[in-house]
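Chemist: Pasting a predicted model and its sequence here:
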Amino acid sequence: MVTKLILDYIDNLELFDDEVDQHFESCMALARLGEGLFWIYREIVKIELGLRKESEKDDIELAIVGGILESKPFGLLSCAFQWYAVSACNYAQLVGWLATRDIDSAKKYVKKVMPRLLRYRNKVAAHYAITNPYHDNEADLIASVMTHIIYVRGRLCAAALMPVVRSNGQEIKVSNDNSWSLTLAHECLVQRFWADGEPKSYQSLKVPPGEIKINISWSSLLGKVT
């Protein structure tokens, strides 16, 4: 019986048994990323549910500071969105590579399936545009470090605050709207990547005899940081 691993349920990207065996570590990397993305999603869902209950009392659709957001863990929320974006893009790029074995095609695949997450990853999560500008205007640079998480109609959203900079009598706006909801993004990605359920990873190694050597480094784990 021929079995297969479905990489993408929408684009019908698959790996058959012999390929899964050949790329065992990559498949496990996908599973670990998937587990982590589900974990982040569930944590954000808990906070959103509480906010929805609070917002219903006064019919609040938008909250930026204070009020229902007053006691929320914004450092954690900001990091969670950044972690999610980086991990989701890593997941998609590895899927693209496993499906094509081509680096450029893998990158194009990420841009196709999650363009907004990729922009957020490039301009905020991987590194702030203000520290590494690339075709960015003044508003883009400021927006990259505006890592506020706000509440909009039942969802927590990142990059929803978009500054407008006045320079030489002109208004400069951000180049792209990179705002996104983590829970909404995840629910869409489930249909593409995990339609049969949440992935399960294992802390296991598969080392073919005579083909690879693995060294374990531990002596420098607490080495000097300069």
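Modeler: Yep, it's here.

Chemist: Going along the chain, name the strands of the chain.
Modeler: With DSSP state E, the ranges of strands along the chain come out as 4-8, 13-16, 62-63, 149-152, 155-158, 164-167, 170-173, 180-181.

Chemist: Can you say which of these is nearest to G197?
Modeler: strand 4-8 (11.4 Å; CB to CB). Placement of C-beta: from N, CA and C, glycine included.

Chemist: Distance from the chain centre to that closest one, please.
Modeler: 20 Å (CA atoms, centre = their mean, to the nearest Å).

Chemist: Tell me which strands it pairs with, and in which orientation.
Modeler: Using DSSP bridges, the strands paired with strand 4-8 are strand 13-16 (antiparallel).

Chemist: Okay, now the unreliable bits of this structure?
Modeler: Counting by pLDDT under 70, the chain has low-confidence residues at 1-3, 205-212, 216-226.

Chemist: And the residue nearest the centre of it?
Modeler: Nearest to the geometric centre of the chain sits A85, at 1.9 Å (CA atoms, centre = their mean).

Chemist: Please identify the most buried of the strands of the chain.
Modeler: Ranked by mean neighbour count under mean count of other CB atoms under 10 Å, the strands of the chain are led by strand 155-158, which reaches a mean of 22.

Chemist: Residues in contact with it: which ones?
Modeler: For strand 155-158, contacts defined as CB atoms under 8 Å, 6 or more residues apart in numbering pick out 44, 47-48, 51, 77-78, 81, 120, 124, 147-151, 179-184.

Chemist: helices or strands up against the biggest helix by length in the chain?
Modeler: Longest helix in the chain, counting residues (DSSP state H): helix 24-58. With contacts defined as 3 or more CB pairs under 8 Å, 6 or more residues apart in numbering; DSSP states H and E, helix 24-58 has these neighbours: helix 74-100, strand 155-158, helix 182-193.
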